[in-house]
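Participant: coords below, sequence missing:
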């Protein structure tokens, strides 16, 4: 263990008060939930940006490990099929959109972080959830505004209109509160606010489907490459994830809710320094998935892709997709439908 972040919980308690006013409540409704048997099935997926599988596996991350101990951990991949039309750059926004839509870049048309012209004919998971049940409550807690405005395309008619009931993002644009610095300490601080907002909102509202996005690990990777700084950043993020897991566990114990947690990353890093990514080397393509699901099938242990997360969440929540949307998917569920 390289770092001790026992104080993170106390810091989050303070940050909760600072971030509560930043959460955008679009609808003041209680979560509708999807009743499956006696339990309301809910889901939260978390992206820890830019952490190769080998880095995670050699770093002490007790909270991600605790999630895996309940369900499972596996290596996974991004980047499509090498040499085929689906081959996709191992770049952040490309990976996010592959997760959100269950398709590779040759379909969703996000090829870089500019996100200039997504093909919204390939529905994201929030659009799918809202089409199934408009009363399902959705939330996004993100350090990058483009996740909402361009990838999900929230409120855009072509992307299905309003899909998010709660969100917190855009703090990277507020240089008065978060002045940019070469060490990306401002991104660390924003990630901390994102974590606090997620904890507060999951505790108080329990949205049916949520996405939490942390960026700091990738920024540190670009600055320092494979380093103690990188593993320290991962351990810090793991501590924030632990706060989220505690809230989920308390809700499961107190309420009739069955929560799916999925934690993953969007790409690996190059072998030479760990500072770069975007290519098709094995390390850049190799990612990982940790989940608390006890309903995993054999596909989970067969190196699933990031595209397999969407159909897996859909299966857990009992969501029915329009046939035309389901037929477009590249992904295959690693969680069986109940």
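Facilitator: That came in fine, so what should we check first? For clarity, every value in this text was computed on a predicted model and none was experimentally measured. Numbers count the residues shown, from 1 in each chain.
Participant: these two touch, right, residue 132 and residue 322?
Facilitator: No - between residue 132 and residue 322 no contact is recorded; they are 9.0 Å apart, counting by C-beta atoms under 8 Å. In short, each C-beta sits where N, CA and C put it, glycine included.
Participant: Looking at those two, which has the bigger crowd around it?
Facilitator: Each of residue 132 and residue 322 had its neighbours counted (other C-beta atoms under 10 Å), and the higher figure belongs to residue 132 (17 against 12).
Participant: Just give the closest residue to the more buried one, not the sequence neighbours.
Facilitator: When the adjacent residues along the chain are set aside, residue 132 lies closest to residue 319, with 4.6 Å between them (C-beta to C-beta, 6 or more residues apart in numbering).
Participant: For that neighbour, grab the count of nearby residues.
Facilitator: Residue crowding around residue 319 was assessed by other C-beta under 10 Å; the count is 23.
Participant: Three-state assignment for it, please.
Facilitator: For residue 319, the secondary structure call by DSSP: H, G, I helix; E, B strand; the rest coil comes out as coil.
Participant: What's the separation between it and residue 130?
Facilitator: 10 Å (C-beta to C-beta, to the nearest Å).
Participant: Help me confirm that residue 261 is found in a helix?
Facilitator: No - assignment of residue 261 by three-state DSSP gives strand, placing it outside any helix.
Participant: Residue 329 contacts residue 100, correct?
Facilitator: No - between residue 329 and residue 100 there is no contact under C-beta under 8 Å: 11.9 Å.
Participant: between the two, what contacts are shared?
Facilitator: Counting by C-beta atoms under 8 Å, 6 or more residues apart in numbering, the residues touching both residue 329 and residue 100 are residue 310.
Participant: contacting residues for the closest residue to residue 173 other than its chain neighbours?
Facilitator: Using C-beta to C-beta, 6+ apart and skipping residues adjacent in sequence, the residue nearest residue 173 is residue 145, 6.6 Å away. Counting by C-beta under 8 Å, 6+ apart, residue 145 makes contact with 169, 170, 172, 173.
Participant: measure stretch 128-141 end to end?
Facilitator: Its start and end residues considered, stretch 128-141 measures 19 Å (C-alpha to C-alpha, to the nearest Å).
Participant: and the contacts of residue 145 as JSON lines, adding pLDDT, distance to residue 214 and secondary structure?
Facilitator: Putting the contacts of residue 145 into JSON lines (pLDDT from 0 to 100; distance: C-beta to C-beta, whole Å; DSSP: H, G, I helix; E, B strand; the rest coil) gives the following:
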{"residue": "169", "pLDDT": "98", "distance to residue 214": "12", "secondary structure": "coil"}
{"residue": "170", "pLDDT": "98", "distance to residue 214": "16", "secondary structure": "coil"}
{"residue": "172", "pLDDT": "98", "distance to residue 214": "13", "secondary structure": "helix"}
{"residue": "173", "pLDDT": "98", "distance to residue 214": "18", "secondary structure": "helix"}
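Participant: List only buried entries from these.
Facilitator: Members of those that pass the buried threshold by neighbour count (16 or more other C-beta atoms under 10 Å) are listed as 169, 170, 172.
Participant: residues touching the first one, list them.
Facilitator: With C-beta under 8 Å, 6+ apart as the criterion, the residues that contact residue 169 are 140, 141, 142, 143, 144, 145, 147, 148.
Participant: Same list (the buried ones among the contacts of residue 145) but as CSV, adding distance to residue 117.
Facilitator: Formatted as CSV, the entries for the buried ones among the contacts of residue 145 read as follows, by distance: C-beta to C-beta, whole Å:
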residue, distance to residue 117
169, 21
170, 22
172, 22
